[in-house]
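Asks: Structural data only, the sequence is not supplied:
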C-alpha cells in the first residue's frame, strides 16, 4: 500500500506515534488509508447537509476494512458570490481545491480518496486533484435541493429570485410576492434545482464513471443519498485493492460519454471549461471541436430548468442518469466505472419511468445537443452558447453593440432600462486574466429575462455564464479582451452577427478596419494588482483550453 511510506519500518516510529495521536488503533495501520475530502460548509446550501454523509461514508470505509480520515476542502457558493467582487474568486477556487486535494493526499500518503462534493467549482476541482495524483477515487455528490412552492407553483432559484429581480422592477410582481419567492425558492439543503452547473457536473461525473449509479440526481434530503454514500465508502476499499485508478476511468472515450450526456441534458456551458480542465489533468487531448462534433449528433432529450420546466427531482424519479444513458446506448463507448461494471451495463440495466422527462430521440426537444461552439472574427479561438435555452427566433440575430468594460456597468444600464430592442450587450475584460477570474453573468442575463428582453436583446462576453442563464448569450469568447482579442476593439454602434445554426460570431466591419483597430490596441492595467487573483491572472490560460493554471 502507498500508505506504507508513513507506517512501516523502524524509522517510521514517529509517524506512527502521531497517527496514534489522532485516535486510531494498531489494527488500523494494516488497512488502506482512505481520505474523505469533505467540502462541508455552513455557507453553501449544497454542502450544509454533508455532515450526515461523512458519517455514512466512514461507516462504509470501516466496514470494508479501510481506515477513514476526513479532511476539509473549501468551497464558494456561486449564487451568494454572484454580482459582486466575490464571483472573481469562484473559478480560481477550482485550482486551489485541486491543489489542496493533491497536497493532503500526497503529504499523508493516502491509498484512496472519497470526494464528497456538490457545487460548481468544487466538484471539478476535487477531481482535477485526484487525477493529478492518480490514486483510486470515488465521488459522492451530495445532491440537489427540492423544489420550492408558492401555492401550487413550483419554484427554483434562478427563475424565482434572479429573474424575479427584473420582474419586480417591471412591476409584474408585488412586494409581498417578492418576499415569498425570496424565502421559499430554496426550501432545503442541496444544489440548485435545475440543470445548472453543480447538477450538470454531478451528472457528468456519474456519466464518466466516477460516481456510483443514481448518485447525481438523488435529492440531498433523501435516505437514498445516505445509502449511496455508504456504498461509496465501502466501494473505495475495493478500488484500492483492485488498483483501479481514475486515469484508467477518465479516458478520452469517457470524457466523450460525458459530453454526450451534457448535450442530451442541455447542461451548463461551464462544463466546457471543467471537462477540458479534467482532460488536461488526465493527459487527454480535448478541444472545443469535440464538443461541437458531439453536439451535432446527440439530441437534446431532457429539458430541465432553466430552459425547460422539469427539476432534478423529476429526473431522479424518471430513472436518473442510468436512464439517460439507456436512451443514448448506441452513442456511448463502453468504458470502466467505479461500480465495477461498464457504463453500457449500467445503461442496459436501467429503467426509464417517465417518457416525457427523458424523451426518445425521435421526440427530442431539439435535434442537436444543448451546447454549440461559435467561431468568427469576434471569436477566432471559439466561444460557447447554450443553444437549448435560446428562443428559436433568436438563433440568428444581428444587432448594435452596447459596450461595457465590466459586469457592473452593464447591470446598471440594464436596470436603468438603457438597453433597447436590437442591442447586443458586450461585456468585456471579464475573462480568466482580465476579470480576473472569468465571472458568471447571471445577474445581467437574468435581469434581461425578467424585464422581457431576452427575445430582442443578445449578450456576449469573454466572461462566462451560470448554468441558469437562458437567452441568446454567448460566452467564453477567446482570445479574451485582456489578451488583445477582437472583443477588445468593439465600439458602440458596431453591428454584430450571431448565427448559432451556422456556428458564427462576427463583427460586421471590414478586415482592414479590424486589423487597424487591433494594431492600435493597448492592454489596460490589471483590475487587481495584489493577492491571489493577481497571481492567478498571471498564470491562467485561455478559456478555449479550459482556463487552467499552467
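Replies: That came through fine. The model shown is predicted, which means the values in this text are computed figures rather than measured ones.

Asks: where do the strands sit along this structure?
Replies: 33-38, 67-72, 112-117, 137-141, 148-150, 153-155, 371-376, 379-386, 396-404, 423-427, 458-461, 473-478, 495-499, 504-507 (DSSP state E).

Asks: Mind giving me the packing neighbours of the longest one?
Replies: Based on contacts counted as 3 or more Cβ pairs under 8 Å, 6 or more residues apart in numbering; DSSP states H and E, the elements that strand 396-404 packs against are helix 407-415, strand 423-427, strand 495-499. The way it works is simple: take the backbone N, C-alpha and C, and place the C-beta from them, glycine included.

Asks: Give me the contact list for that strand.
Replies: 410, 413, 419, 422-428, 457-458, 472, 490-502, 508 (Cβ atoms under 8 Å, 6 or more residues apart in numbering).

Asks: Count the neighbours of residue 377 for me.
Replies: Here the number of neighbours of residue 377 (other Cβ atoms under 10 Å) works out to 15.

Asks: Check residue 455 too.
Replies: 15.

Asks: List the residues that contact it.
Replies: 391, 393-394, 471.

Asks: Could you rank those by neighbour count and give me the top one?
Replies: residue 471 (24 neighbours).

Asks: Would you check that that one makes contact with residue 446?
Replies: No - taking contacts as Cβ atoms under 8 Å, residue 471 lies outside contact range of residue 446: 9.2 Å.

Asks: Could you provide the strands of the chain in CSV, with additional columns for mean neighbour count, mean pLDDT and distance to residue 216?
Replies: Compiled in CSV, these are given as follows (neighbours: other Cβ atoms under 10 Å; pLDDT from 0 to 100; distance: least, Cβ to Cβ, whole Å):
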stretch, mean neighbour count, mean pLDDT, distance to residue 216
strand 33-38, 26, 98, 18
strand 67-72, 18, 98, 22
strand 112-117, 29, 98, 12
strand 137-141, 30, 99, 6
strand 148-150, 16, 97, 21
strand 153-155, 17, 96, 20
strand 371-376, 23, 98, 18
strand 379-386, 24, 97, 19
strand 396-404, 18, 98, 34
strand 423-427, 25, 98, 31
strand 458-461, 28, 97, 29
strand 473-478, 29, 97, 24
strand 495-499, 19, 98, 32
strand 504-507, 21, 98, 32
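
Asks: of all the ones you listed, which lies closest to residue 325?
Replies: strand 137-141 (16.4 Å; Cβ to Cβ).

Asks: tell me the contacts of residue 491?
Replies: 401, 403.

Asks: circling back: identify, from the contacts of residue 455, the entry nearest to residue 40.
Replies: residue 471 (34.8 Å).

Asks: ok, how many other residues are close to the nearest residue to the closest one once chain neighbours are set aside?
Replies: What sits nearest to residue 471 in space, not counting adjacent residues and going by Cβ to Cβ, 6 or more residues apart in numbering, is residue 454, at 3.5 Å. Neighbourhood size, residue 454 [other Cβ under 10 Å]: 25.

Asks: Show the backbone phi and psi for residue 454.
Replies: phi -70, psi -10 (degrees, to the nearest 10).

Asks: who's in contact with it?
Replies: 391, 394, 445, 448, 470-472.

Asks: correct me, but residue 367 touches residue 299?
Replies: Yes - with contact defined as Cβ under 8 Å, residue 367 and residue 299 form a contacting pair (5.7 Å).

Asks: if I look at residue 222, how far off is residue 125?
Replies: Residue 222 sits at a distance of 26 Å from residue 125 (criterion: Cβ to Cβ, to the nearest Å).

Asks: Give me the more crowded residue out of the two.
Replies: Set residue 222 next to residue 125 and count neighbours by other Cβ under 10 Å: residue 125 wins out with 28 against 15.

Asks: Just the pLDDT at the more buried one, thanks.
Replies: On pLDDT, residue 125 comes in at 98.

Asks: Please apply the same query to the one 4 residues further on.
Replies: In this prediction, residue 129 carries a pLDDT score of 98.

Asks: Residue numbering should commence at 48 henceforth.
Replies: OK, 48 is where the count begins now, so the last one is residue 176.

Asks: That one and residue 454, how far apart?
Replies: 29 Å.

Asks: Tell me which of these two has more neighbours.
Replies: Neighbours were counted for residue 176 and for residue 454 using other Cβ under 10 Å; residue 176 has more, 28 against 25.

Asks: for the more buried one, what are its contacts?
Replies: 144-149, 152 are the contacts of residue 176 under Cβ under 8 Å, 6+ apart.

Asks: could I get the residues you listed as JSON lines with distance to residue 180 and neighbour count?
Replies: Formatted as JSON lines, these follow (distance: Cβ to Cβ, whole Å; neighbours: other Cβ atoms under 10 Å):
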{"residue": "144", "distance to residue 180": "13", "neighbour count": "27"}
{"residue": "145", "distance to residue 180": "10", "neighbour count": "26"}
{"residue": "146", "distance to residue 180": "11", "neighbour count": "15"}
{"residue": "147", "distance to residue 180": "12", "neighbour count": "19"}
{"residue": "148", "distance to residue 180": "8", "neighbour count": "27"}
{"residue": "149", "distance to residue 180": "5", "neighbour count": "17"}
{"residue": "152", "distance to residue 180": "5", "neighbour count": "24"}
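
Asks: Tell me how many other residues crowd the nearest residue to residue 309 once chain neighbours are set aside.
Replies: Closest residue in space to residue 309, ignoring its immediate chain neighbours: residue 318 at 5.3 Å, by Cβ to Cβ, 6+ apart. Counted with other Cβ under 10 Å, residues neighbouring residue 318 total 27.

Asks: Is residue 318 in contact with residue 252, as I believe?
Replies: No - using Cβ under 8 Å, residue 318 is not in contact with residue 252, being 10.5 Å away.

Asks: right, and out of the contacts of residue 176, which lies closest to residue 50?
Replies: Using Cβ to Cβ, residue 152 is the member of the contacts of residue 176 that sits closest to residue 50, with 10.5 Å.

Asks: mind checking how far the closest one is from residue 177?
Replies: Noted for residue 152: a distance of 8 Å to residue 177, by Cβ to Cβ.

Asks: Same question for residue 446.
Replies: Taken as Cβ to Cβ, the span from residue 446 to residue 177 is 44 Å.

Asks: Then residue 420?
Replies: 28 Å.

Asks: other SSEs contacting the longest helix along the chain?
Replies: Assignment by DSSP state H gives helix 270-289 as the longest helix of the chain. Other helices and strands packing on helix 270-289, by 3+ Cβ pairs under 8 Å, 6+ apart, are strand 80-85, helix 97-110, strand 159-164, strand 184-188.

Asks: before we move on, the earlier item: so what's in contact with residue 152 and residue 177 at the same time?
Replies: residue 160.

Asks: So what's the residue count around residue 317?
Replies: By other Cβ under 10 Å, neighbour count at residue 317 equals 30.

Asks: That one and residue 515 touch, don't they?
Replies: No - at 10.6 Å, residue 317 and residue 515 do not qualify as touching, with contact defined as Cβ under 8 Å.

Asks: List the contacts of the most centrally placed residue in the chain.
Replies: Taking Cα atoms, centre = their mean, the centroid of the chain lies closest to residue 244, which sits 3.6 Å from it. With contact set as Cβ under 8 Å, 6+ apart, residue 244 has these partners: 125, 167, 315, 317-318, 513-514.
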